[in-house]
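>>> show me how the following folds:
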Amino acid sequence: MKKILLFVILLSGVLFLPSYPQESLRQMRSTKIEKISGKEFYIHTVKRGQTLYMIGKAYEVEVNEIIQENPEVKEGLKAGQKLRIPVSGTIESPKKQSKTIPEEKKQTAKSEVEELIPCGKDKSSMKTTYNIALLIPLYLSDVPQMEVDPAPDAAEQENMPLQFVQFYEGFRMALDSLKETGVSLKVTVYDAERDTLKTLKLLQGSELKNMDLIIGMMYHRNFQLVADFAEKNNIAIVNPLSERDQILENHKKVFKVRPSLKTQFSELISYLQSNFKDSTMVVISDNLRMNNTIANNIITAMEDKKADVHLADGYGEVLSLLSKKKGNIIILISDNKSYVLDVVTKLNEHRNEFGMTLLGLPRWDRFEDIEADYLVNLKTHVMAPYFVDYDDPGVKKFVSMYQDRYQTDPDALAFQGFDITFYFVNALWKYGKSFDRCIPDLHMKSLQTDFRFSSSKENGFENQHWEMYEYNNYHLRRIVLQ
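So this is what the prediction gives:
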């Protein structure tokens, strides 16, 4: 497996502060409980220095649960902010809790204290220079066989070395930007082809054991091998492209950047509640079992929020459910392009009779060549894992720099390579090698998405964030989810 050594740059250190004892964490809990929409919540007042991770540990709830009940925290915590924390049946009241640590918990006391060190203050996880590895299929051995200037009648080349090269180029541009901020890195790039024997040979050596972060742009089987290795050696590993939940199972150090469809639901419900609570909602699906399940879940969730929501039994019933007195949002659940095109065409015929907004799920961002006029007329909204707003000044700057450097336009992989590298190296810089427990609190504007990671006790971290964009006057415009 070929490797490329890049460069070393400079990083400033941080000071160490003492840890919070377990008893201090218990005392963070509020004694105020309110019942909201039939559900009990602690009302927690944020104090300076508290993080979502610390608050979640105090109340024994997942960070993602706090975010779902308080979506505004995605913009960061503020002192004095009021949070709704779900009351768990296993949580004792602060007044009733014993100060005695049970015998069975004494063995984990040390790790619990370490977890309570404020994020960014754990000196033991800080280094002056971090070791980063990028494993990516570059197929360098195939480069000499590439035909740079093929004849006009030549068969189209597969050109495997070009398949992921734009991710690598975005990766390099992120490293250049980080160099300007004073970060010190030793970066090694490995040509990770599909051959698992080469991957196993790499893992038998000692080089990867010294890494602080691995970014694995690899085929599934190879990634699983490296993820096992990373788990054993306590190394954080990032998967940029996989949608498979299986890569997180029993891998606490894996970060899955691409959100799965199951995470789309909570974002969708929050968006509907914030932006269309006074509208008539009509849900229609193509009758595939999975899509019918999504439709029924949306109906149940919005009925719980007292919304005016209806499930249409086929397109023929949609028009009878729309209102002429207020706005309407039609949620069309299908990945079947023919079905979608048929419904969109029929809805477009009635666009002047009703005030309509169309929301396409679950993966309309993959559709091409659907009539743009219809999508514009229906003010179509789409949820997607990524979205590049080419009117954004930061995107314009990146595109210009990329074109100057590589003499071509960046594709989606280039944006992903930049965003992922910039985000995770910043996590290392801010929090040290133990950044995994602090990353739910790291919010940063990126070129094509935001990162909002959540994990379970046994599995790794998954990005929960989805983008929303709309067809507006023949432009695609990003919508900021509230």
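>>> checking my notes, Val382 in a strand, right?
Yes - assigned with DSSP: H, G, I helix; E, B strand; the rest coil, Val382 falls within a strand.
>>> and it, what pLDDT?
As predicted, Val382 sits at a pLDDT of 93.
>>> repeat that for Leu208.
On the pLDDT scale, Leu208 is placed at 92.
>>> what number of residues lie near it?
Using other C-beta atoms under 10 Å as the criterion, Leu208 is surrounded by 21 other residues. Every C-beta, even on glycine, is put in place using the N, C-alpha and C of the backbone.
>>> contacts only, for it.
Contacts were defined as C-beta atoms under 8 Å, 6 or more residues apart in numbering; by that measure Leu208 touches Ala133, Leu202, Ile214, Val226, Phe229, Asn233, Ile235.
>>> which of those residues are buried?
Buried by 16 or more other C-beta atoms under 10 Å: Ala133, Leu202, Ile214, Val226, Phe229, Ile235, out of the contacts of Leu208.
>>> narrow these to those in helices?
Filtering the buried ones among the contacts of Leu208 for membership in helices, criterion DSSP state H, returns Leu202, Val226, Phe229.
>>> quickly note the distance from Thr293 to Asn64.
Relative to Asn64, Thr293 is positioned 21 Å away (C-beta to C-beta, to the nearest Å).
>>> about what we covered before: now the buried ones among the contacts of Leu208 as TSV including distance to Ser446 and pLDDT?
Written out in TSV, the entries for the buried ones among the contacts of Leu208 read as follows (distance: C-beta to C-beta, whole Å; pLDDT from 0 to 100):
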residue	distance to Ser446	pLDDT
Ala133	22	95
Leu202	30	91
Ile214	20	96
Val226	24	94
Phe229	28	95
Ile235	23	94
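>>> can you pull the domain assignment for this structure?
Taking automatic domain parsing as the domain assignment, the record places the domains of the chain at 3-7+123-140+160-259+393-464, 22-115, 263-384.
>>> which of the ones you listed sits most buried?
Per-stretch averages of neighbours, counted by mean count of other C-beta atoms under 10 Å, single out domain 3-7+123-140+160-259+393-464 among the domains of the chain, with a mean of 19.
>>> starting at the chain centroid, how far to that one?
14 Å (C-alpha atoms, centre = their mean, to the nearest Å).
>>> residues contacting the closest residue to Thr408 other than its chain neighbours?
What sits nearest to Thr408 in space, not counting adjacent residues and going by C-beta to C-beta, 6 or more residues apart in numbering, is Tyr402, at 7.9 Å. In this structure, Tyr402 makes contact with Glu169, Gly170, Met173, Thr408, Asp409, Pro410, Ala414, judged by C-beta under 8 Å, 6+ apart.
>>> check the gap between Tyr402 and Phe418 for me.
When distances are taken as C-beta to C-beta, Tyr402 and Phe418 turn out to be 9 Å apart.
>>> equivalent analysis for Trp364, please.
For Trp364, the distance to Phe418 under the criterion C-beta to C-beta works out to 25 Å.
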